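Build me a model:
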Amino acid sequence: MIKNISNLGDAAVYCDFGIEVNKSVNSEVIKYFKALKKENVESINNLTPSYNKLIVSYDLRKTNFKEVKKLIENLNVNETEDDNSTKIEIPVCCDDQFSLDIKRLEEKLNISRDKILENFFSKEYFCYMTGFIAGMPFLGDLDENMRVPRLETPRVKVPKGSVALTEQFANIYTFESPGGWNILGNTPVDVFDNSKEEEPNLINPGDIVVFKQINLEKYNSYNDK
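Got it, this is the predicted structure:
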């Protein structure tokens, strides 16, 4: 449930769902996100969901805060409850050349490499949001025994496709960029494709992600299919 709706600058509405970060709260955010997307309102030009917030940007020439606020308050979000989440399988190679922080993970978690990989690949992950860099999915929730802090010194360059962990989340770097997450492996899949104007993200908020471990040979041949 939305706790508060307020102005954000001149042409955006800020929907606050509280301070908690969990799947239950985020599911509410995604209900509103999907319901607004389904409405396809011409005057709304962008929707930005996060863990527990939703920003609705609009064209000030076509509408205003009061009208958008009223639209949000009158949404029938229950119509989105039966929507099935898309389940997406992401192949990941954890060869030594890709598992850049496996030693650090072993030390911080105090469990073996094999156990780390077993834990990581044995569950499903819920996409809370995408952001930071285009299409990067924030995937939760890691089990308590798999949670580690960020690197003390972030990398200047994290390779594209890196699959990484920090605190309760896993993510996938969609482009080479700076970053401080613990890198476990790499996927050959393009998680963000800017040539697809309508749907550039492979993974969207509310989707379920399953990681599948592949060997180096399959990784190298993946894009030759």
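
show me where the protein has strands.
Secondary structure of the chain (DSSP state E): strands located at 4-7, 12-16, 44-49, 53-58, 87-93, 124-130, 137-140, 155-158, 162-166, 169-172, 177-179, 182-186, 208-214.

Let me have these in a markdown table, extended by mean pLDDT, distance to residue 117 and mean neighbour count.
Placement of C-beta: from N, CA and C, glycine included. Listed next are the strands of the chain as a markdown table, based on pLDDT from 0 to 100; distance: least, Cβ to Cβ, whole Å; neighbours: other Cβ atoms under 10 Å:
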| stretch | mean pLDDT | distance to residue 117 | mean neighbour count |
| --- | --- | --- | --- |
| strand 4-7 | 95 | 42 | 12 |
| strand 12-16 | 96 | 38 | 18 |
| strand 44-49 | 93 | 30 | 17 |
| strand 53-58 | 96 | 33 | 20 |
| strand 87-93 | 97 | 9 | 17 |
| strand 124-130 | 94 | 15 | 22 |
| strand 137-140 | 95 | 16 | 24 |
| strand 155-158 | 96 | 20 | 14 |
| strand 162-166 | 97 | 11 | 23 |
| strand 169-172 | 97 | 13 | 24 |
| strand 177-179 | 95 | 21 | 17 |
| strand 182-186 | 98 | 8 | 24 |
| strand 208-214 | 97 | 7 | 17 |
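
Now distance to residue 108 too, for the ones you listed, in a markdown table please.
Below are these laid out as a markdown table (distance: least, Cβ to Cβ, whole Å):
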| stretch | distance to residue 108 |
| --- | --- |
| strand 4-7 | 37 |
| strand 12-16 | 33 |
| strand 44-49 | 30 |
| strand 53-58 | 30 |
| strand 87-93 | 20 |
| strand 124-130 | 20 |
| strand 137-140 | 18 |
| strand 155-158 | 17 |
| strand 162-166 | 10 |
| strand 169-172 | 15 |
| strand 177-179 | 17 |
| strand 182-186 | 8 |
| strand 208-214 | 20 |
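
can you pull the contacts of the nearest residue to residue 164 once chain neighbours are set aside?
The shortest distance from residue 164 to any residue other than its chain neighbours is 3.5 Å, reached at residue 181 (Cβ to Cβ, 6 or more residues apart in numbering). By Cβ atoms under 8 Å, 6 or more residues apart in numbering, residue 181 lies in contact with 150, 151, 158, 162, 164, 165, 166, 171.

Look up how far residue 15 lies from the closest residue in space to residue 139 that isn't next to it in sequence.
Distance criterion Cβ to Cβ, 6+ apart; nearest residue to residue 139, sequence neighbours excluded, is residue 125 at 3.8 Å. Taking Cβ to Cβ, to the nearest Å as the criterion, residue 125 is separated from residue 15 by 24 Å.
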